[in-house]
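1. Give me a 3D structure for the following:
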Amino acid sequence: MVKSGQNLLISEGTDRNCSFEKAANDTSPELPSDVLSNPALLFLYYRIEQILGIKAGSEALKNLNSYIEETCGAAFIENPAAYEYLLTSREHIFNISKFLTVNETYFFREGVHFELLVNLLPEFANLKRPVQICSAAVSIGCEAYSIAMLLDYHQKKGFDFDFIIDAFDVNVQAIETAKNARYTSNTLRTDGASWKYILDCYLIQDRNEYIVSQNIRRKVRFFPHNIMRGFERHYDIIFFRNSLIYFSSKNRLIVINNLAESLFNNGILFLGITETASVKHPLLINRYHSDVFYFQKTGACGLPEKPVFSYTYSEPEKNEQLPQKPPVVRENTSVSKEIKETYTRSKDIPVDCMEISDILKTDDGKSNAENVLSKLENLNQFSDINSLDITGSQIAASAVYYLHTENFSNADRIIKFLEKSNSGTFTKFLLGEYNFLRGIFDEAEKQFHEASVKDKFFWPAFYRIAGLAAEGNQTRYEYKIKKAIESIELVQKELPAQRHYECFMGGFSPDYFRRILERKLL
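-> Prediction:
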């Protein structure tokens, strides 16, 4: 699942030619001796770390090795290609993760985080849209159901808000357990005993098991996913607790970066109580409130003074259908002469990124976006910008706003209109961003490439290309990263007074993205 302003930082199929010689030269002092002395285990250790980010123990590797030998019908030395196939198929990776992950969880674990959620309930209503919540590395589902129970309980007590919960884990077996929603008494611990009054409302006892009520089960969407691949969408709150310990130090950076990028500005990140002190990220500030430490994503216009939500994002349209790609107008069609002239006449209306940046500084560009949209309401599909009292920069800024809020219906309409008036770098990039956020990566990469060809200084396009190249081979991936860094360097060296391209990337500076790119080369 990759979406929400996220980057494809690693792929299950990346660098498939990893050799034992390289592994031996990169050996870690943490590796057990029985792994070092066994080629199959050593291979599995490094491939698992590369694919899932996890530092697998020797017992887990031995169990996995036995499973793969049984599946392949041969030992690794006899059939290395079969091993590699099992480790590059997403379906098999989700399956073999059961040997590598620990499913230790219970309801309302580390209850201080849930207490803070209760304190934030009045703020939820101010969002004017459903609260977007993610329970990452959810294991068998107790955390996600605890969140849903808590919020549903207080909804019924009179708090006016709605919520959406996504929950994922790389272990497909754990996800199936979560969907089944049947639990033993082991998931009811003294640590969560203070929440018994809520559990009693939603757990139905069936002999020696407890079943989560159907209305709570409907509020959580469970699915298998590898966190190393980023997130599908943005969230107001992300729970990712007591899992960092299983990742190698370099992969923790990737995971934390994925988490930070997938939060809305001022969004909340909960890590395990013992994990908070070890995490530092330029977009995350450590907060303390109601006897709990947590992280809050810094806003583009400065840090908030207190732990509140300050979103200006619009509520997505309910049951919104993804718009279709615009029709291609070919020379041999029966398109009227008037229509063709409209396309030709209205090309190259100026779009200025400095103006876009200024527009977005006022309420994130919301008022401008609503103004542009209202002026388009009564126009037919062949009207051009010359008939409106708005500039190309205002139209582009409104497209940026609707893309950032994931209102794809409005973004599609505005970008199509802009396309008739401007065929430049910024329009190509917005087309790419529209497809990128919807998960149409092949089309997005093509449009980002067109933007990069038009302007070698336009580093946002190069950055997106580098992220998408993670799905290819390692040589190509590194080459694209270096090209993106080169574009940033060109801007900083030759256009120091005109560096406003960050308006296309959520307001974050090229230095921030450069640091991400440089870490990927390590």
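
2. Mind giving me the packing neighbours of the longest helix that the chain contains?
-> Across the chain, the longest stretch assigned as helix under DSSP state H is helix 474-494. Applying 3 or more CB pairs under 8 Å, 6 or more residues apart in numbering; DSSP states H and E, one finds that helix 474-494 contacts helix 459-468, helix 510-520. From N, CA and C alone the C-beta is placed, and that goes for glycine too.

3. Turn these into CSV, columns for distance to residue 48, mean neighbour count and mean pLDDT.
-> Formatted as CSV, the helices and strands packed on helix 474-494 follow (distance: least, CB to CB, whole Å; neighbours: other CB atoms under 10 Å; pLDDT from 0 to 100):
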stretch, distance to residue 48, mean neighbour count, mean pLDDT
helix 459-468, 23, 27, 87
helix 510-520, 20, 17, 80
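
4. Quick check: the spatially most central residue of the chain vs residue 166, distance?
-> Note on the chain: the residue nearest the mean C-alpha position is residue 231, at 2.5 Å, using CA atoms, centre = their mean. Using CB to CB, to the nearest Å, residue 231 is found at 9 Å from residue 166.

5. Name the residues contacting each of these two.
-> Both residue 231 and residue 166 are in contact with residue 134, where contact means CB atoms under 8 Å, 6 or more residues apart in numbering.

6. is it true that the residue nearest to the centre of the chain touches residue 134?
-> Yes - counting by CB atoms under 8 Å, residue 231 does reach residue 134; the two are 7.1 Å apart.

7. Now list whatever residues contact both of the two.
-> Going by CB under 8 Å, 6+ apart, residues that sit against residue 231 and also against residue 134 are residue 262.

8. Residue 228 touches residue 251, doesn't it?
-> Yes - counting by CB under 8 Å, residue 251 is a contact partner of residue 228 at 6.9 Å.

9. how about the residue nearest to residue 130 when sequence neighbours are not counted, phi and psi?
-> Nearest residue to residue 130, sequence neighbours excluded (CB to CB, 6 or more residues apart in numbering): residue 162, at 4.2 Å. As for residue 162, its main-chain torsions (degrees, to the nearest 10) stand at phi -130, psi 170.

10. Residue 234 touches residue 437, doesn't it?
-> No - counting by CB under 8 Å, residue 234 does not reach residue 437; the two are 9.6 Å apart.

11. between the two, who's got more neighbours?
-> Neighbours per residue, other CB atoms under 10 Å: of residue 234 and residue 437, the larger number sits with residue 234, 26 against 22.

12. Around residue 187, how many other residues sit close by?
-> Using other CB under 10 Å, the number of residues around residue 187 comes to 21.

13. Could you do the one 5 residues further on as well?
-> Applying other CB under 10 Å, we find 20 residues neighbouring residue 192.

14. Look at it and report its pLDDT.
-> pLDDT, residue 192: 74.

15. cool, the one 5 residues further on as well?
-> Per-residue confidence (pLDDT) for residue 197: 93.

16. Repeat that for residue 69.
-> 79.

17. go on, residue 135?
-> Note on residue 135: pLDDT of 97.

18. Pretty sure it sits in a strand.
-> Yes - the assignment for residue 135 is a strand, going by DSSP: H, G, I helix; E, B strand; the rest coil.

19. Can you spell out which residues form a bridge with it?
-> On the basis of DSSP bridges, residue 135 is bridged to residue 167, residue 239.

20. Contact partners for it?
-> 143, 144, 147, 165, 166, 167, 168, 220, 239.

21. Likewise for residue 181?
-> 141, 145, 211, 212, 217.

22. farthest pair in the residues you listed?
-> Farthest pair in these (CB to CB) is 141 and 211. Separation: 12.2 Å.

23. okay, the two: which has more neighbours?
-> More crowded of residue 141 and residue 211, by other CB under 10 Å: residue 141, with 29 against 15.

24. isn't residue 40 right next to residue 65, touching?
-> Yes - between residue 40 and residue 65 a contact is recorded at 5.4 Å, counting by CB under 8 Å.

25. want to throw the helices and strands packed on helix 474-494 into JSON lines with distance to residue 70?
-> Compiled in JSON lines, the helices and strands packed on helix 474-494 are given as follows (distance: least, CB to CB, whole Å):
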{"stretch": "helix 459-468", "distance to residue 70": "37"}
{"stretch": "helix 510-520", "distance to residue 70": "36"}
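
26. looking at those, which is closest to residue 257?
-> Of all the helices and strands packed on helix 474-494, helix 510-520 comes closest under CB to CB, at 6.3 Å.

27. Which parts of the stretch 1-150 of the chain are strands?
-> Assigned by DSSP state E, counting those that start in this stretch, the strands in the stretch 1-150 of the chain fall at 131-136.

28. nope, the stretch 201-350 of the chain is what I was after
-> Under DSSP E, counting those that start in this stretch, the stretch 201-350 of the chain gives strands at 203-206, 209-212, 220-224, 235-239, 263-270, 284-289, 292-297.

29. what residues does the first one touch?
-> If you take CB under 8 Å, 6+ apart as the criterion, strand 203-206 is touched by 182, 183, 210, 211, 212, 213.

30. Next up, the contacts around the fourth one.
-> Okay, so that is residue 211. Contacts for residue 211 (CB under 8 Å, 6+ apart) come out as 181, 182, 183, 203, 204, 205.

31. Could you dump the residues you listed into TSV and include pLDDT and distance to residue 262?
-> Output for these, formatted as TSV (pLDDT from 0 to 100; distance: CB to CB, whole Å):
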residue	pLDDT	distance to residue 262
181	96	26
182	96	30
183	95	28
203	96	31
204	95	34
205	92	37
